[in-house]
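**Student:** Give me coordinates for this.
(2 chains)
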Amino acid sequence: GAVVSQHPSRVICKSGTSVKIECRSLDFQATTMFWYRQFPKQSLMLMATSNEGSKATYEQGVEKDKFLINHASLTLSTLTVTSAHPEDSSFYICSATGVRGRRDTEAFFGQGTRLTVV
Amino acid sequence: AQSVTQPDIHITVSEGASLELRCNYSYGATPYLFWYVQSPGQGLQLLLKYFSGDTLVQGIKGFEAEFKRSQSSFNLRKPSVHWSDAAEYFCAVGAYGNKLVFGAGTILRVKS
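**Tutor:** A predicted model of the protein is given here:
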């Protein structure tokens, strides 16, 4: 299958600072990327959907100003956690698909980023 | 609204025994269904998917799943479990806009 690379795999930051997480599709053009958050021992919750060249669409309850998503190219999307606080500590996972808007396509997942805010 | 239910939070099976992980979905249109596996601290790997056609789907690592529309189920099975299968398994339904709606996950433990 296609390869999606997420970086960094782990990051520890101080409260109040910002952290950027990158998600790259290495061998295909990702027209749509998704950002998920996973709390310990829980399922993945979709945070936002980003289509290349467009503003991200956030799920209900997700703070747009806190979780900034940029999808400026067909191979890269970034999630910036601004003014991070300990409650933002979580596992963040991106996924990417090369086909926009269809349900019957496979999304490929990155390895995830473990964010710890101290 | 679409939803996925995985009724078993934890399952423990002996190595070599058969496995069935349950998944029920709720979706208003034709469901596109997926099973993913996640090892600790890792991303998700697709095991198999159902879009249409044969309701018994074969996947990687010896897994299979059967789509039963009448029961709104998409249970994952494996005839003989290996210790390396210990992980967390997620069932998901594909929703509009390529979104995936995930179940809560089932943690599989394998006894040697």
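
**Student:** Return the backbone torsion pair for B:Tyr89.
**Tutor:** Main-chain dihedrals, B:Tyr89, degrees, to the nearest 10: phi -120, psi 130.

**Student:** How about A:Lys64?
**Tutor:** Given degrees, to the nearest 10, the pair of backbone angles that A:Lys64 has is phi -60, psi -40.

**Student:** who does the helix or strand where A:Leu115 lies pair up with?
**Tutor:** Using DSSP states H and E, the element containing A:Leu115 is strand A:113-117. According to DSSP bridges, strand A:113-117 forms sheet pairs with strand A:10-13 (parallel), strand A:90-97 (antiparallel).

**Student:** what's the most buried one of the ones you listed?
**Tutor:** Per residue and on average, the most neighbours among these fall to strand A:90-97, with a mean of 25 (mean count of other C-beta atoms under 10 Å in any protein chain shown). Placement of C-beta: from N, CA and C, glycine included.

**Student:** partners of residue 33 in the sheet?
**Tutor:** This is for chain A. Beta-bridge pairing for A:Met33 (DSSP bridges): A:Ser50, A:Ala96.

**Student:** oops, I was thinking of chain B
**Tutor:** Beta-bridge partners recorded for B:Leu33 (DSSP bridges): B:Tyr50, B:Val93.

**Student:** my read: it touches B:Gly94, true?
**Tutor:** Yes: B:Leu33 is in contact with B:Gly94 according to C-beta atoms under 8 Å; the separation is 7.4 Å.

**Student:** More neighbours: which of the two?
**Tutor:** B:Gly94 (25 against 21; other C-beta atoms under 10 Å in any protein chain shown).

**Student:** how near is the more buried one to B:Gln45?
**Tutor:** As judged by C-beta to C-beta, to the nearest Å, B:Gly94 and B:Gln45 stand 17 Å apart.

**Student:** Repeat that for A:Asp27.
**Tutor:** A:Asp27 sits 16 Å away from B:Gln45, going by C-beta to C-beta.

**Student:** do the same with B:Asp8
**Tutor:** Distance from B:Asp8 to B:Gln45, by C-beta to C-beta: 20 Å.

**Student:** Partner strands of the lowest-mean-pLDDT helix or strand in chain A, with direction?
**Tutor:** Least confident element among the helices and strands of chain A, by mean pLDDT, DSSP states H and E: strand A:108-109 (a mean of 88). Strand pairing for strand A:108-109, determined by DSSP bridges: strand A:90-97 (antiparallel).

**Student:** Determine the angle, from 0 to 180 degrees, between the helix or strand where A:Leu79 lies and strand A:90-97.
**Tutor:** Assessed by DSSP H and E, A:Leu79 sits inside strand A:76-81. Relative orientation of strand A:76-81 versus strand A:90-97 (axes from the mean of the first three to the mean of the last three C-alpha atoms, to 10 degrees): 160 degrees.

**Student:** Run the chain-centre distance for strand A:76-81.
**Tutor:** Chain-centre distance of strand A:76-81: 6 Å, with C-alpha atoms, centre = their mean, to the nearest Å.

**Student:** So which residues make contact with that strand?
**Tutor:** If you take C-beta atoms under 8 Å, 6 or more residues apart in numbering or on different chains as the criterion, strand A:76-81 is touched by A:18-25, A:30, A:33, A:35, A:47, A:50, A:66-71, A:88, A:92, A:94, A:96, A:115.

**Student:** Apply 7 Å and report the result again.
**Tutor:** A:18-24, A:33, A:35, A:50, A:66-71, A:88, A:92, A:94, A:115 (C-beta atoms under 7 Å, 6 or more residues apart in numbering or on different chains).
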